[in-house]
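J.: Here is my input, please return the structure:
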Amino acid sequence: MKADDVRRNAWAMPLSSPSYPRGPYRFVNREFLVISYRTDAQALAAVVPEPLQPAGDTVRFEFIRMPDSTGFGDYTESGQVIPVTYKGHAGVYVHSMFLDDDAPIAGGREIWGFPKKLGTPKLQVNKDTLLGTLDYGRTRVATGTMGYKHRSANADAVMRSLAQPNWLLKIMPDVDCSPRLCELVEYHLEAVTLKGAWEGPAALELFEHALAPVAALPVRQVTGGLHLNTDLTLGLGRVVHDYLAR
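T.: This is a model prediction of the structure:
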């Protein structure tokens, strides 16, 4: 293989058979259970990287079912996002993610810098309850419940929320384990179709785990539950801050 061939084809690992195809990535019937809760403000401040600033003391714990995603297939994801501001603009910082499919783990980390780790999340209807669970290995680390489709949510407010910017901390190591990249990345959800949105009573339990520390942002008060069904495109990102720039 010539050097020009390497340069032309080297865009994802491994070179001979990349773990995922090039984007964009379209998601059909992407279903969310989002449970918002208040947490300890000091714990929140300790995990939000400057120049982002926490917007209060709220965290959103998400369980996301993705049965039809181009290039990534059929998988489920769960994790925490934190409402923040950046230069006066409101959005969310993606703090933790756990999912059960190699392709979106590799693609999410390598392209955008999503903080993805292998886990076993599930989202399902259990009689009159929407049930989200997250296991790390054999250990349960999160359980979320919500009354199933109790009342319609405000579609305009939901669409405004989905249109907000999202920020990630992308870290890529060099061969000596020093950081080669350390960047704040911004991305947006695009071409969103909201197929349904519902609210209802919700509850959330988080359990201590050394390697899946979701309980480091403890639940002080659950403030709401939201259930969404959408089609959307995951927009590619842009770097808005370089932590290694001199």
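J.: Just to be sure, R160 is in a helix?
T.: Yes: per DSSP: H, G, I helix; E, B strand; the rest coil, R160 lies within a helix segment.
J.: What count of nearby residues applies to it?
T.: For R160, the neighbour count with other Cβ atoms under 10 Å is 11. Just so you know, the C-beta spots here come from the backbone N, C-alpha and C atoms, and that holds for glycine as well.
J.: Look up how far F27 lies from it.
T.: Computed as Cβ to Cβ, to the nearest Å, the R160 to F27 distance reads 19 Å.
J.: before we move on, what about A55?
T.: Taking Cβ to Cβ, one finds A55 at 26 Å from F27.
J.: Please apply the same query to L217.
T.: 26 Å.
J.: Dihedrals phi and psi, A157?
T.: phi -60, psi -40 (degrees, to the nearest 10).
J.: Could you count how many residues lie near it?
T.: 11.
J.: what do you get for the one 5 residues further on?
T.: Neighbour count for L162, taken as other Cβ under 10 Å: 18.
J.: That one against V192, yeah?
T.: Yes: contact criterion Cβ atoms under 8 Å: L162 and V192 qualify, at 5.3 Å.
J.: So for the two, which residues contact both of them?
T.: Common neighbours of L162 and V192 (criterion: Cβ atoms under 8 Å, 6 or more residues apart in numbering): 230, 232.
J.: A55 and F27 - which one has more neighbours?
T.: When A55 is set against F27 and neighbours are counted by other Cβ under 10 Å, the residue ahead is F27, at 20 against 16.
J.: send the alpha carbons of the helix or strand bottoming out on mean pLDDT in the chain over as CSV?
T.: One helix or strand of the chain scores below all others by mean pLDDT, DSSP states H and E: helix 3-9, with a mean of 91. Provided in CSV are the C-alpha atoms of helix 3-9 (Å, rounded to 0.1, in the frame of the first residue of the first chain):
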residue,chain,number,x,y,z
ALA,A,3,1.6,6.4,1.2
ASP,A,4,-1.0,8.2,-0.9
ASP,A,5,-3.4,5.2,-0.4
VAL,A,6,-3.0,5.5,3.3
ARG,A,7,-3.7,9.2,3.3
ARG,A,8,-6.7,8.8,1.1
ASN,A,9,-8.3,6.0,3.2
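J.: Kind regards, and thank you for your time.
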